[in-house]
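**Q** The following comprises the amino acid sequence and a computationally predicted model.
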2 protein chains.
Amino acid sequence: MRINCMCTANIQPATSQRKLLLSVIREAKGHLDAKELYRRASKRNASISLATVYRNLRFFKEQALIDERHFGHTRSCCYEMKRSEEHYHLVCRDCGHVIEFESPLIHKLVAEIRRKNNFDVTRVELCLEGYCHDCKKEEKPLSKVT
Amino acid sequence: MRINCMCTANIQPATSQRKLLLSVIREAKGHLDAKELYRRASKRNASISLATVYRNLRFFKEQALIDERHFGHTRSCCYEMKRSEEHYHLVCRDCGHVIEFESPLIHKLVAEIRRKNNFDVTRVELCLEGYCHDCKKEEKPLSKVT
DNA sequence: TTTGGAATGCGAATCAATTGCATGTGCACA
DNA sequence: TGTGCACATGCAATTGATTCGCATTCCAAA
Ligand SMILES: [Mn+2]
Ligand SMILES: [Mn+2]
Ligand SMILES: [Zn+2]
Ligand SMILES: [Zn+2]
């Protein structure tokens, strides 16, 4: 068994692949899925394997270095660096843009659930679908059922 | 092209498989995934195909007869009859139980997003993970990060 | 340095979901 | 009450995402 070493924090062992993957995630603008992470990492290390990408995504998740997101109906999930403050997402059904937001209402909701349902919330999966500012003005289908 | 007929509402054509599947979903206690729906339907019609289950799940979804849910980390999604009032879910990480709940805070959140982000919300995907009443009292792991 | 245990690369395997195609069937219209 | 045909079905093959087995390589603690 291997004990924690302080030099490389919780990235341990600090293999070149592991460091590369984490820096790609860190430098990414938006949210990456495994395939896209693999594509970008391959540019810097052509021999990296997709399995290694998946294994490290799981590792980073376990180390709480990254967050996993399930957006809308997309098959694969996305990843991003964990930040100090929690945040949630709006996904436009039209252009696919992902907008991040935060609201104190979510803390209130969690508190309410803890009180009313006697349920200890450890994770909030919240994603709202709809039409963004730019896409909502364009023509919409006639039926506006739910 | 076929014009709508009123006799069978939006289930049309009303094939035996389609009627069977809908009644299995209707009679189900909880939330079903495709495999489980297939299992239950097969008891009443042994020749039904899994592809037909998937095709009809998509059909029912398009007809807004059922709702699709993505619970926690489970690979496959679950389905349930659409109800008049919207509701959301708590999933226990320990025993897997799914608890349904509703809260006016969610309406408030949607309104806030519409106002602040100028975003038209059409669907709220919300699922909270944690520990239910029965599981939270039992011993927990030492580290309580996240 | 040495060395054990963990990480990697590769391909094969899984698992959920979709699709192509030949066949069967519900139902609008005659 | 029949008939036609668009659409539904069954089956098998396919896709797409993720995981796994295994031989090999690589960290990092001592
Ligand atoms: Mn984000
Ligand atoms: Mn429900
Ligand atoms: Zn948009
Ligand atoms: Zn529980």
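**A** Structure's in. What do you need? Numbering: from 1, shown residues only, chains lettered A, B, ... in the order given. Ligands and ions are numbered 1, 2, ... in the order given.

**Q** How far away from the center of its chain is the lowest-mean-pLDDT helix or strand in chain A?
**A** Ranked by mean pLDDT, DSSP states H and E, the helix or strand of chain A with the weakest confidence is helix A:133-136, at a mean of 92. In terms of C-alpha atoms, centre = their mean, to the nearest Å, the gap separating the centre of helix A:133-136 from the centre of its chain is 24 Å.

**Q** do the same with stretch A:13-26
**A** 17 Å.

**Q** For ligand 1, tell me whether it is touching it.
**A** No: shown here: stretch A:13-26 not in contact with ligand 1 (C-beta under 5 Å from the ion), separated by at least 11.9 Å. All C-beta atoms are positioned from the backbone trio N, CA, C, and that covers glycine.

**Q** Test my guess that A:Ile113 contacts B:Leu128.
**A** Yes: look at A:Ile113 against B:Leu128 with C-beta atoms under 8 Å: they come within range, at 6.4 Å.

**Q** Give me the nearest residue to A:Ser16, chain neighbours excluded.
**A** Spatial nearest neighbour of A:Ser16, excluding adjacent residues (C-beta to C-beta, 6 or more residues apart in numbering or on different chains): A:Asn45 at 7.0 Å.

**Q** what does A:Lys19 give?
**A** By the measure of C-beta to C-beta, 6+ apart, the closest residue to A:Lys19 outside its immediate chain neighbours is A:Ile11, 6.9 Å from it.

**Q** which residues touch that neighbour?
**A** Each residue near A:Ile11 by C-beta atoms under 8 Å, 6 or more residues apart in numbering or on different chains is listed here: A:Arg18, A:Lys19, A:Leu22, A:Gln63, A:Leu65.

**Q** Now list the buried members of the residues you listed.
**A** A:Arg18, A:Leu22, A:Leu65 (16 or more other C-beta atoms under 10 Å in any protein chain shown).

**Q** Can you dump the C-alpha atoms of stretch A:60-76 in PDB for me?
**A** Provided in PDB are the C-alpha atoms of stretch A:60-76 (Å, rounded to 0.1, in the frame of the first residue of the first chain):
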ATOM      1  CA  PHE A  60      -9.800  12.600 -10.200                       C
ATOM      2  CA  LYS A  61     -13.500  12.200  -9.300                       C
ATOM      3  CA  GLU A  62     -12.600  10.100  -6.300                       C
ATOM      4  CA  GLN A  63     -10.000  12.700  -5.300                       C
ATOM      5  CA  ALA A  64     -12.700  15.400  -5.600                       C
ATOM      6  CA  LEU A  65     -10.500  17.300  -8.100                       C
ATOM      7  CA  ILE A  66     -13.200  17.400 -10.800                       C
ATOM      8  CA  ASP A  67     -16.900  17.300 -11.000                       C
ATOM      9  CA  GLU A  68     -18.900  15.100 -13.300                       C
ATOM     10  CA  ARG A  69     -22.000  16.500 -15.000                       C
ATOM     11  CA  HIS A  70     -24.900  14.900 -16.900                       C
ATOM     12  CA  PHE A  71     -26.200  17.400 -19.300                       C
ATOM     13  CA  GLY A  72     -29.600  16.900 -20.800                       C
ATOM     14  CA  HIS A  73     -29.900  13.900 -23.100                       C
ATOM     15  CA  THR A  74     -26.300  13.600 -24.100                       C
ATOM     16  CA  ARG A  75     -25.000  10.100 -23.800                       C
ATOM     17  CA  SER A  76     -21.600  10.900 -22.400                       C
END
